[in-house]
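In: Sharing a sequence plus its predicted fold:
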Amino acid sequence: MLLVIDIGNTNTSLGVYDGERLVTHWRLTTERGRTVDEYGVLSRNLFALAGLDFKTIKAVAAASVVPQLNFTVKRMAEQYFHLSPLFIDHTTATDMEILYQPPSDVGADRIVDAVAARHKYGAPVIVVDFGTATTFNAVNAAGHYLGGVITPGIQISSDALFARAARLPRVEIKRPQAVIGSTTNGAIQSGLYYGYVGLVDGILRRMREELGGDVRVVATGGLAPLIATGSELIETVDDTLTLEGLRLIYEMTK
């Protein structure tokens, strides 16, 4: 079986594949201070709770946007799974040409998302990944990674508003019942939610115009289901798209 690990700035997702089947997956908080042993014990505990034997893992593939954790995860895989993990980056052999310049600037998660989306949904396709930053990734009709857009995530926007406006409270990010808020909390929630939906759909419209043709739009990441309910252009929410991309790229390297 294959263990895949997606290391993001806010969350780390793990998944176990048996061939093409995703057996189970977990989402954890990314903790930069965790040691090799802490990650190892946590991984083994997750396996035990899922009724899986960690000895059945024959390979590990990872995508990381947190460089300081790469060595920790590498040593964890070596010590606890006795495997050398494959870390995906722009030099990894895939069937997708990267047109972004320089290619080394493309985050591993963006490459993985694009590969998975093209394989699952065809091209042209746009992937919106709602993480710490929200990334919009474009695959053109020829199946090449073209580039995209990077914006602050909605949680960053919320945190900045709370930090810079002394009288405004921190609020839960959710879809309010009405756009016009009748309370301060409701007004802030409306601004965050509908403002962000407007940002997402505005960018997607312009990207679709530039790409031309019938462009699919796929969303992934923690807040994808929430934002997608208000978006006019997001067609599909795929919670495990990044994990699937890791599996696909690992298979390409075999």
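Out: Yep, that arrived. Numbering: from 1, shown residues only.

In: If I look at Leu69, what pLDDT would I see?
Out: Leu69 carries a pLDDT score of 96 in this model.

In: And Phe81, by the same measure?
Out: pLDDT recorded at Phe81 is 95.

In: Quick one: neighbours of it, just the number.
Out: Neighbour count of Phe81, defined by other C-beta atoms under 10 Å: 20. Just so you know, the C-beta spots here come from the backbone N, C-alpha and C atoms, and that holds for glycine as well.

In: correct me, but it touches Ile57?
Out: Yes. The criterion here is C-beta atoms under 8 Å, and Phe81 meets it with Ile57 at 5.3 Å.

In: Residues that sit against both of these two, list them.
Out: Shared contacts of Phe81 and Ile57 (C-beta atoms under 8 Å, 6 or more residues apart in numbering): Leu3.

In: all helices for the protein, in order.
Out: 36-49, 67-80, 108-121, 154-164, 184-211, 224-228, 241-253 (DSSP state H).

In: among the ones you listed, which gets the worst mean confidence?
Out: helix 154-164 (a mean of 91).

In: hmm, who's touching that one?
Out: Here helix 154-164 has contacts from 10, 130, 132-134, 152, 168-171, 173, 188, 192-193, 195-196, 223, 227, using C-beta under 8 Å, 6+ apart.

In: So among those residues, which ones count as buried?
Out: The neighbour count (16 or more other C-beta atoms under 10 Å) marks 10, 130, 132-134, 171, 173, 188, 192-193, 196, 223, 227 as buried among those.

In: Now distance to Glu31 too, for the residues you listed, in TSV please.
Out: As requested, the buried ones among the contacts of helix 154-164 are exported to TSV (distance: C-beta to C-beta, whole Å):
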residue	distance to Glu31
Thr10	11
Phe130	21
Thr132	14
Ala133	19
Thr134	22
Val171	25
Ile173	22
Ile188	29
Leu192	26
Tyr193	28
Tyr196	26
Leu223	20
Ile227	26
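
In: who's in contact with the closest residue to Ile57 other than its chain neighbours?
Out: Excluding its sequence neighbours, the residue lying closest to Ile57 (C-beta to C-beta, 6 or more residues apart in numbering) is Leu3, at 4.8 Å. Contact analysis of Leu3 by C-beta under 8 Å, 6+ apart lists 14-16, 57, 59-61, 77, 81.

In: so which of the residues you listed is the most crowded?
Out: Within these, most neighbours by other C-beta under 10 Å means Ala61, with 27 neighbours.

In: if I read this right, that residue contacts Ile88, doesn't it?
Out: Yes. The pair Ala61 / Ile88 is scored as a contact, 6.7 Å apart, by C-beta under 8 Å.

In: what's the overlap in contacts for those two?
Out: Joint contacts of Ala61 and Ile88 (C-beta under 8 Å, 6+ apart) are 246, 249.

In: rewinding a little: what's the spacing between the residue nearest to Ile57 and His90?
Out: According to C-beta to C-beta, to the nearest Å, Leu3 stands 22 Å off from His90.

In: Pull the number of nearby residues for Ala123.
Out: By other C-beta under 10 Å, the residues close to Ala123 number 20.

In: One more: Ala141?
Out: Neighbourhood size, Ala141 [other C-beta under 10 Å]: 15.

In: Look up the closest residue to it, ignoring the ones flanking it.
Out: Pro124 (4.8 Å).
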